[in-house]
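In: okay, predicted coordinates and the sequence, questions at the end:
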Amino acid sequence: MTERARAEQDGREPGGGGPGTAIDAGAELDPVHPVRPPAPRFKPGGLTTAEVAERVARGDVNDVPVRSSRSTVDIVRGNVFTRFNAIIGVLWVIMLCVAPIQDSLFGFVIIANTGIGIIQELRAKKTLDSLALIGEARPSVRRDGRTAEISTSEIVLGDVVELGPGDKVVVDGCVGEVDGLEVDESLLTGEADPVLKKPGDQVMSGSFVCAGGGAFTATKVGREAYAAQLAEEASRFTLVHSELRSGISTILKYVTWMMIPTSIGLIISQLVVKEDDLDDAIARTVGGIVPMIPEGLVLLTSVAFAIGVIRLGRKQCLVQELPAIEGLARVDVVCLDKTGTLTEGGMDVTELRPLGGADPAYVQKVLGALGESDPRPNASLQAIVDAYPDSADWRCTESLPFSSARKYSGASFSEGDGENTTWLLGAPDVLLPAGDPALDEINELNEQGLRVLLLARSARELDDEAVATGVRPTALVVLEQRLRPDAADTLRYFEDQDVRAKVISGDNAVSVGAVAGKLGLPGAQNTVDARKLPAERSAMAEVLDGNSVFGRVTPQQKRDMVGALQSRGHTVAMTGDGVNDVLALKDADIGVSMGSGSEATRAVAQIVLLNNSFSTLPSVVAEGRRVIGNITRVATLFLTKTVYSVLLAILVVCSQVEYPFLPRHLTLLSTLTIGIPAFFLALAPNKERAQPHFVRRVMRYAIPGGVIAATATFATYLIARHHYTGPEALPAETSAATLTLFLTSMWVLAIIARPYTWWRVALVGAMGGGFLVVLIVPWLQDFFQLKLVGTTMPWTAVAIAAVAATLIEFVFRRVDRTIPA
């Protein structure tokens, strides 16, 4: 530990011998820092095994259940106890009592649907839970004088937890050791400025370390910890905040309101018309109500999401919030951090260039000492540690950890000969004044895509705010970054999919531009230095729209840039792995973190790429587009059925005639024209970019399609009522009406299945073949009570269906041209 850290731990100023300022136990603090209790005694070696066992027995354990998915009970309850299942369940029981089993088939279909939904969600739960275990934060805890990584749920009251850059504070505690510890509490308070912590200060769960390190004693664990409940809710498997889900809920709400009066009218009319045959009246009433319910739509949406989770899970992609699959499909701008996203995490020192006649051997000693001064080095400093060993006769007296806001780190040393020196290592264009001759040399290196750090000596103390002013440049450290082999292909994919990529990095703008250029990013030649960006949001948004690569971006600027893009109507995804990306990840529509990223970035991201492969992102985009595009398609099928069912019931009520169908007829039609095709269409590949206004996009087809289908079917039914006479007239009338409705619905399916592929054509053909088999096989004719009588009426039904199909084709094409999505 440095001398400054030891001094702060003892509660005195560095170099001073007196005690530090006493803590006022009654001092008023802000809401995130409630009245401070007396600080617990800090035990540098941590708890003993016996003390841990005692606390576990007492229940003082961090037992907050951090779950990535819904419980099994919640999944079963969510699939079984729904409003529409309740309605259909009651109708099913009634039909089992008054009608043959054929008219109760719809109940068995619902049971099968519910079972499929439960099984798929349980599979998704298993995938999520196993991936969440891989990506779980494992804090470093001291016990019996040794440091070990343990699960968050194993922390007990009084544990000493170590902190380093990017670590998330997982429980509340009191700081015991510090080494330049700076904590970002913006996720709790909204305040972006980091807070410098001293011994005795409190740290709150939900905050994270942005610079430095230290250790704290856990004072509140489990559900008592601040923001523990919030963290638990945020990590759960959820289907909320999704335009798709909320759109379907809106549709179902209106369907329910339409169903109630229509069903009441249908019940009364059928009881009046069929007063001499109560059982048949009930059966036909149920036959009119059941198809109004789009029961499979919610199921297919859940199944599509669940299968998406399973598919992505196989590619080591953890979806922490299900709507993220949908959200990334809607993205039109993706903001990429360079380091760790376009480049791999590690770096190599390729050259050391002394400046001003500096002795190379002495420079190497300085670099070795600087590397040793930071116990948790970042990637740049780690490369220096690997290249230059520490000098045993140099002693670090004070250190300043690297901060993305400062763009440099530093340390003060007592050298072997007794001389005291202060050194800074960081961004040359930050440490040097504009026009310095060394900057020209640095720019040449940056143009090659190399990262360059400046080693400079400061004449000021390290805790002086102006420590970086007037420094003496001593050497340039040239680092080579390893490009991800899959980065170029991924950027090309986004370009092909009309998703604009923006590289925003804290590195030198010229170097960032060179890396982006090597990867073939359009606009890489016009790199913008973020220090020259306008602060006003609309002006910033204009610059962002016109450029693709930005360097020297601060963490707060990343956040502002995301907000500026969103103000222009863009749906923004942000990828990153460092603590400097947390604020932007949190504010972006979709946050994507690398699995090797800091605990803080993984905590706020909706999607975590556990294999650290940037090339997984196209899979996530494709999965989201498949879900949204296909659910929009199949929703049109389901809601067309709802519209024609409601309108048919209204026409029957107004005409005071018998309802033309029994439940068995519409079960057959729904299965062949909606149920089976929808399942295949919902899981098919779909590369169309997701469009907003789900409800409007679906209803602009479903309403005219349903109206035409209902009108054509009722017209056939009325003609058949005049054509057929005698006691067997009603089954013949029903068969003719069923034929028209089936052919019309098949044309809607044929339109929805476009563009055609071999399997889509085969699917539509198989459904038509299935209906033909029912019409020609005698025992199926009897089972479904479907038998075409004569030739005149069946051909009339086909002719009416042909006219209806032509009209649907015309209307759908006109809708595409005249009604915006």
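Out: Received, thanks. Residues are numbered from 1 along each chain as shown.
In: how about Phe216, nearest residue that isn't a chain neighbour?
Out: Gly173 (3.7 Å; C-beta to C-beta, 6 or more residues apart in numbering). The C-beta positions use only the backbone N, C-alpha and C, and glycine is treated the same way.
In: that neighbour is in what secondary structure piece?
Out: Here Gly173 sits within strand 172-184, counting by DSSP states H and E.
In: that strand: partners in the sheet, and parallel or antiparallel?
Out: Within its sheet, strand 172-184 is paired with strand 195-196 (antiparallel), strand 202-203 (antiparallel), strand 208-220 (antiparallel), according to DSSP bridges.
In: which one of the ones you listed lies nearest to Gly578?
Out: Comparing the strands paired with strand 172-184 against Gly578 with C-beta to C-beta, the closest turns out to be strand 208-220 (9.7 Å).
In: quick one: contacts for Ser613?
Out: Neighbouring residues of Ser613 by C-beta atoms under 8 Å, 6 or more residues apart in numbering: 316, 484, 486.
In: now do the strands in the stretch 501-650 of the chain.
Out: Along the stretch 501-650 of the chain, the segments classed as strands by DSSP state E, counting those that start in this stretch run 527-529, 549-551, 572-576, 590-594, 607-609.
In: can I get these in a markdown table with mean neighbour count and distance to Glu372?
Out: Below are those laid out as a markdown table (neighbours: other C-beta atoms under 10 Å; distance: least, C-beta to C-beta, whole Å):
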| stretch | mean neighbour count | distance to Glu372 |
| --- | --- | --- |
| strand 527-529 | 20 | 33 |
| strand 549-551 | 26 | 30 |
| strand 572-576 | 29 | 28 |
| strand 590-594 | 29 | 27 |
| strand 607-609 | 25 | 32 |
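In: using a markdown table, lay out those strands together with mean pLDDT and distance to Asp279.
Out: Output for the strands of the stretch 501-650 of the chain, formatted as a markdown table (pLDDT from 0 to 100; distance: least, C-beta to C-beta, whole Å):
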| stretch | mean pLDDT | distance to Asp279 |
| --- | --- | --- |
| strand 527-529 | 88 | 77 |
| strand 549-551 | 90 | 74 |
| strand 572-576 | 88 | 58 |
| strand 590-594 | 86 | 55 |
| strand 607-609 | 85 | 55 |
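In: which of the ones you listed sits closest to Ser153?
Out: The minimum distance between Ser153 and those falls on strand 607-609, with 19.0 Å, by C-beta to C-beta.
In: go ahead and name everything in contact with the closest one.
Out: Strand 607-609 has contacts (C-beta under 8 Å, 6+ apart) with 135, 316-320, 324, 328, 590-595, 597, 602, 616-617, 620.
In: inside helices: which ones of those?
Out: Applying DSSP state H to the contacts of strand 607-609, the entries found in helices are 135, 324, 328, 602, 617, 620.
In: quick one: the last one and Ala361, what's the gap?
Out: If I follow you right, that is Val620. Val620 sits 50 Å away from Ala361, going by C-beta to C-beta, to the nearest Å.
In: out of those two, which sits in the more crowded spot?
Out: For Val620 versus Ala361, the count of surrounding residues by other C-beta atoms under 10 Å is larger for Val620: 26 against 8.
In: OK, contacts around that one?
Out: For Val620, the contact set (C-beta under 8 Å, 6+ apart) comprises 312, 317, 319, 324-325, 328, 592, 607.
In: any chance of the strands of the stretch 501-650 of the chain in JSON lines with distance to Pro354 as columns?
Out: Formatted as JSON lines, the strands of the stretch 501-650 of the chain follow (distance: least, C-beta to C-beta, whole Å):
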{"stretch": "strand 527-529", "distance to Pro354": "27"}
{"stretch": "strand 549-551", "distance to Pro354": "26"}
{"stretch": "strand 572-576", "distance to Pro354": "34"}
{"stretch": "strand 590-594", "distance to Pro354": "35"}
{"stretch": "strand 607-609", "distance to Pro354": "40"}
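In: first-to-last residue distance for stretch 669-687?
Out: 30 Å (C-alpha to C-alpha, to the nearest Å).
In: list the buried residues for it?
Out: Across stretch 669-687, burial judged by 16 or more other C-beta atoms under 10 Å covers 669-675, 677-683, 686.
In: hmm, back to that, the ones in helices among the contacts of strand 607-609: which two are farthest apart?
Out: Taking C-beta to C-beta, no two of the ones in helices among the contacts of strand 607-609 sit farther apart than Gly135 and Leu328, at 17.8 Å.
In: more neighbours: which of those two?
Out: Leu328 (26 against 20).
In: so the more buried one makes contact with Ala573?
Out: Yes. If you go by C-beta atoms under 8 Å, Leu328 and Ala573 touch, sitting 5.8 Å apart.
In: find the residues that touch each one of those two.
Out: Joint contacts of Leu328 and Ala573 (C-beta under 8 Å, 6+ apart) are 590, 592.
In: shaky segments in the protein?
Out: For the chain, applying pLDDT under 70 flags the ranges 1-40, 64-70, 131-136, 186-193, 225-241, 273-277, 322, 345, 689-690, 819-821.
In: let me know the outermost residue of the protein.
Out: Using C-alpha atoms, centre = their mean, the residue of the chain lying farthest from its centre is Gly726. It sits 62.8 Å away.
In: to which secondary structure element type does that residue belong?
Out: Following DSSP: H, G, I helix; E, B strand; the rest coil, we place Gly726 in the coil state.
In: list the contacts for it?
Out: For Gly726, the contact set (C-beta under 8 Å, 6+ apart) is empty.
In: let's see it at 10 Å
Out: Applying C-beta atoms under 10 Å, 6 or more residues apart in numbering to Gly726 gives the contacts Ala732.
In: neighbours of Arg138, how many?
Out: Neighbours of Arg138 under the rule other C-beta under 10 Å: 13.
In: not counting residues beside it along the chain, what's closest to it?
Out: Leaving aside its sequence neighbours, Arg138 sits nearest to Glu149 (C-beta to C-beta, 6+ apart; 4.2 Å).
In: the one you found and Val141 touch, don't they?
Out: Yes. Between Glu149 and Val141 a contact is recorded at 7.7 Å, counting by C-beta atoms under 10 Å.
In: more crowded one of these two?
Out: Val141 (24 against 10).
In: how about that one, phi and psi?
Out: Here is the backbone geometry of Val141 (degrees, to the nearest 10): phi -130, psi 140.
In: quick check: bridge partners of it?
Out: Beta bridges link Val141 to Ala148, Val161 when assigned by DSSP bridges.
In: that one contacts Gly173, correct?
Out: No. With contact defined as C-beta under 10 Å, Val141 does not reach Gly173; the gap is 11.3 Å.
In: identify the contacts common to the two.
Out: In contact with both Val141 and Gly173: 155, 159-161, 215, 218, using C-beta under 10 Å, 6+ apart.
In: state the distance from the residue lying closest to Leu367 once chain neighbours are set aside to Pro428.
Out: Among residues not flanking Leu367 along the chain, Tyr388 sits closest, at 4.5 Å (C-beta to C-beta, 6+ apart). From Tyr388 across to Pro428, the span is 19 Å (C-beta to C-beta).
In: between these two, which has more neighbouring residues?
Out: Pro428 (25 against 21).
In: residues in contact with the more buried one?
Out: 407-408, 436, 438-439, 441-443, 445-446, 452-456, 473, 476-477, 508.
In: contact partners for the residue nearest to Leu367?
Out: Taking C-beta under 10 Å, 6+ apart as the criterion, Tyr388 is in contact with 349, 352, 363-372, 477.
In: hey, where'd the strands end up in the stretch 301-450 of the chain?
Out: Counting by DSSP E, counting those that start in this stretch, the strands of the stretch 301-450 of the chain are 317-319, 333-336, 343-354, 395-403, 408-414, 420-426.
In: from Gly410, how far off is Asp144?
Out: Distance from Asp144 to Gly410, by C-beta to C-beta: 35 Å.
In: I'd like the distance from stretch 663-677 to the chain centre, please.
Out: Relative to the chain's own centre, stretch 663-677 is displaced by 35 Å; criterion: C-alpha atoms, centre = their mean, to the nearest Å.
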